[in-house]
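# Got a predicted model here, sequence first, then my questions.
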Protein chains: 2
Amino acid sequence: MAKEKKRKVGRPSRNDSDLDILSGSDRREQIISVTAALFSEKGYDRTSMRDIAAATGILSGSLYYYFPSKEALFLEVHSAGMKILTNAAREVWAATDDPWERLEKLAAAHSKALLENSGFMIMVFPRFPEGIDAFRPELIRQRNEYESIIAQAVETLDLPDGIDRSLFRLQFLGALNWSQTWYSPKHGISPAEIGMHLVRMLRPLRG
Amino acid sequence: MAKEKKRKVGRPSRNDSDLDILSGSDRREQIISVTAALFSEKGYDRTSMRDIAAATGILSGSLYYYFPSKEALFLEVHSAGMKILTNAAREVWAATDDPWERLEKLAAAHSKALLENSGFMIMVFPRFPEGIDAFRPELIRQRNEYESIIAQAVETLDLPDGIDRSLFRLQFLGALNWSQTWYSPKHGISPAEIGMHLVRMLRPLRG
DNA sequence: GTCTATACAGCGATAGAC
DNA sequence: GTCTATCGCTGTATAGAC
């Protein structure tokens, strides 16, 4: 999505083993990775292009060689983060049959992706930057792609009447996402355990 | 919202029936109420003092007659929001004996306060504005005052081994708080029902 | 590809007239 | 109490040299 290559002249001289986010090998990937960490740490609004440039080791004007705007850069970061999350979920899905065990592993994977990696938690930031309307449909699409995996997992659960599966998904993800606000490694509890604990709380629901 | 009085000359000539979210009767209360709505809608960073002034019907310079800084104004808004939440929780606590019924009512009250009122959801915003360090201890204190009521309620529940009460509280509140991000009145579900649904999901835990 | 230099807008905040 | 006028700063973004 929206790769925006933009290489206008000269040879790419790249082997196109491109992307692979946390070990980005060229400048473009480096910027995305650095930006993800800053957005996660300070939020979108409070991270300036100058901050990003400084953390990358270049000057702010140079950023615009790679990305046409701050919002476009946000889209790349969001995209990379959702890719991590979606891939992890697909992997769990393929490897597990039991519905509740699957949910437990999805929860653990979600928490790990959110709390463990250098900082792509931006992917589930409560609200998108404003004025980003041009990109919003693409952001929503990425988010839905991931959430539909969770929705499917919830669909396979045996749940009593009175439990709304859509609300189940929203509150399940909400409990996990909110952990951004309080988690600290010092808690003595691991991200994976946070996810597993949530499913332990919900599991008695099974018919 | 957006009263836009703009009377520039003459005396105030107020009958003091002006606006009242917390029954605030004067300009100061009006500003707090208007600001709460704007912070909830657009976030702290993206709401300028000029925005607030315009929505109040005055000019930005005048705000500084009432509040020394934007951060001080944030503190007032946060304080008002937490007061709503804390009062509601105390009321529930006094009126209910059964632990699970109490939790259900606390959840419903929390959701209502968060989603229903004109806009004090700022009170549980994921992160405080930065550079607000001088006020941070007071913000934390207000938050803890409320959360300790929830903690007490969780303490009285009969829970199986393997459930951490502290984590229970955090994930319980997380699921509720996150609803800010997806709730819309069009869902056909009421805020109170959102809270009750969450407790319905957790209730089978009881020993 | 990166830097220099800068345009231009918007921000929080203040001083002083009324 | 409110407005007028403005200061100083920081933000995104651009143009053009190298």
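Right, received. Where do you want to start?
# show me what contacts the residue in chain A positioned nearest to DNA strand C?
Of all residues in chain A, the one sitting closest to DNA strand C is A:Gly61 (2.7 Å; Cβ to the nearest atom of the strand). Using the backbone N, CA and C atoms, a C-beta is placed for each residue, glycine as well. Neighbour list for A:Gly61: A:Ala53 [criterion: Cβ atoms under 8 Å, 6 or more residues apart in numbering or on different chains].
# go with 6 Å
Listed by Cβ atoms under 6 Å, 6 or more residues apart in numbering or on different chains, the contact set of A:Gly61 is empty.
# quick one: is stretch A:51-58 near DNA strand C?
Yes - remark: stretch A:51-58 sits within contact range of DNA strand C at A:Ala53, A:Ile58, by Cβ under 7 Å from any atom of the strand.
# Are stretch A:60-72 and DNA strand D in contact anywhere?
Yes - using Cβ under 7 Å from any atom of the strand, stretch A:60-72 comes into contact with DNA strand D via A:Ser60, A:Gly61, A:Tyr64, A:Pro68, A:Ser69, A:Lys70, A:Glu71.
# Which of those fall within helices?
When DSSP state H is applied, those are split such that A:Ser60, A:Gly61, A:Tyr64, A:Lys70, A:Glu71 fall in helices.
# Please, which helix or strand holds the residue nearest to A:His110 when sequence neighbours are not counted?
Setting aside the residues directly before and after it, A:His110 is nearest to A:Leu176 in space (Cβ to Cβ, 6 or more residues apart in numbering or on different chains), at 5.2 Å. In this structure, A:Leu176 is located in helix A:165-177 according to DSSP states H and E.
# Tell me the helices and strands packed up against that helix.
helix A:136-155, helix B:165-177 (3 or more Cβ pairs under 6 Å, 6 or more residues apart in numbering or on different chains; DSSP states H and E).
# what number of residues lie near A:Pro185?
When neighbours are counted by other Cβ atoms under 10 Å in any protein chain shown, A:Pro185 registers 10.
# A:Ala108 now?
A total of 23 residues lie near A:Ala108 under the criterion other Cβ under 10 Å.
# Tell me how many other residues surround A:Ile84.
For A:Ile84, using other Cβ under 10 Å, the count is 20.
# That one: what secondary structure?
Classification of A:Ile84 by DSSP: H, G, I helix; E, B strand; the rest coil places it in helix.
# The helix or strand containing A:Phe39 and DNA strand D in contact?
Secondary structure from DSSP H and E places A:Phe39 in helix A:27-42. No - for a cut-off given as Cβ under 7 Å from any atom of the strand, helix A:27-42 has no contacts with DNA strand D; the smallest distance is 10.0 Å.
# And that helix, what does it pack against?
On a contact count with 3+ Cβ pairs under 6 Å, 6+ apart, helix A:27-42 meets helix A:49-56, helix A:70-95.
# Write out the residues of chain A neighbouring DNA strand D.
Chain A comes close to DNA strand D at residues A:Thr47, A:Ser48, A:Met49, A:Arg50, A:Asp51, A:Ser60, A:Gly61, A:Tyr64, A:Pro68, A:Ser69, A:Lys70, A:Glu71, as judged by Cβ under 7 Å from any atom of the strand.
# With pLDDT and distance to B:Ser79 as new columns, can these be given to me in TSV?
Below are those laid out as TSV (pLDDT from 0 to 100; distance: Cβ to Cβ, whole Å):
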residue	pLDDT	distance to B:Ser79
A:Thr47	95	28
A:Ser48	98	30
A:Met49	98	34
A:Arg50	98	34
A:Asp51	98	31
A:Ser60	98	38
A:Gly61	97	43
A:Tyr64	98	42
A:Pro68	97	42
A:Ser69	97	37
A:Lys70	96	33
A:Glu71	95	34
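# Make a PyMOL selection of whichever of the residues you listed turn out to be buried.
Buried subset of the residues of chain A next to DNA strand D, written as a PyMOL selection, criterion 16 or more other Cβ atoms under 10 Å in any protein chain shown:
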select buried, chain A and resi 47+49+70+71
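# quick revisit: winner for burial among the helices and strands packed on helix A:165-177?
helix B:165-177 (a mean of 22; mean count of other Cβ atoms under 10 Å in any protein chain shown).
# burial of A:Pro160, as a residue count?
Number of residues near A:Pro160 (other Cβ under 10 Å) recorded here: 11.
# How about the residues of chain A by chain B?
With the criterion set to Cβ under 6 Å from any Cβ of the partner chain, chain A comes near chain B through A:45-46, A:126, A:130, A:162, A:167, A:170-171, A:174-175, A:177-178, A:181-182, A:197-198, A:200, A:204-205.
# Find the pair from the residues of chain A next to DNA strand D with maximum spatial separation.
The span of the residues of chain A next to DNA strand D, defined through Cβ to Cβ, is set by A:Asp51 and A:Pro68 at 18.4 Å.
# And the contacts of stretch A:91-104?
A:Lys105, A:Leu106, A:Ala109, A:Ala153, A:Thr156, A:Leu157, A:Met196, A:Val199, A:Arg203.
# An error on my part: the question was meant for stretch A:149-158.
Among residues not part of stretch A:149-158, those counted as contacts by Cβ under 6 Å, 6+ apart are A:Ala89, A:Pro99, A:Arg102, A:Leu103, A:Leu106, A:Arg165, A:Phe168, A:Arg169, A:Arg206, A:Gly207.
# Please convert the buried members of those into ChimeraX selection syntax.
Per 16+ other Cβ under 10 Å, the buried members of the contacts of stretch A:149-158 correspond to this ChimeraX selection:
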select /A:89,99,102,103,106,168,169
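# got the contacts of stretch A:149-158 as a markdown table, with distance to DNA strand C columns?
Listed next are the contacts of stretch A:149-158 as a markdown table, based on distance: Cβ to the nearest atom of the strand, whole Å:
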| residue | distance to DNA strand C |
| --- | --- |
| A:Ala89 | 34 |
| A:Pro99 | 48 |
| A:Arg102 | 43 |
| A:Leu103 | 43 |
| A:Leu106 | 38 |
| A:Arg165 | 41 |
| A:Phe168 | 39 |
| A:Arg169 | 36 |
| A:Arg206 | 50 |
| A:Gly207 | 53 |
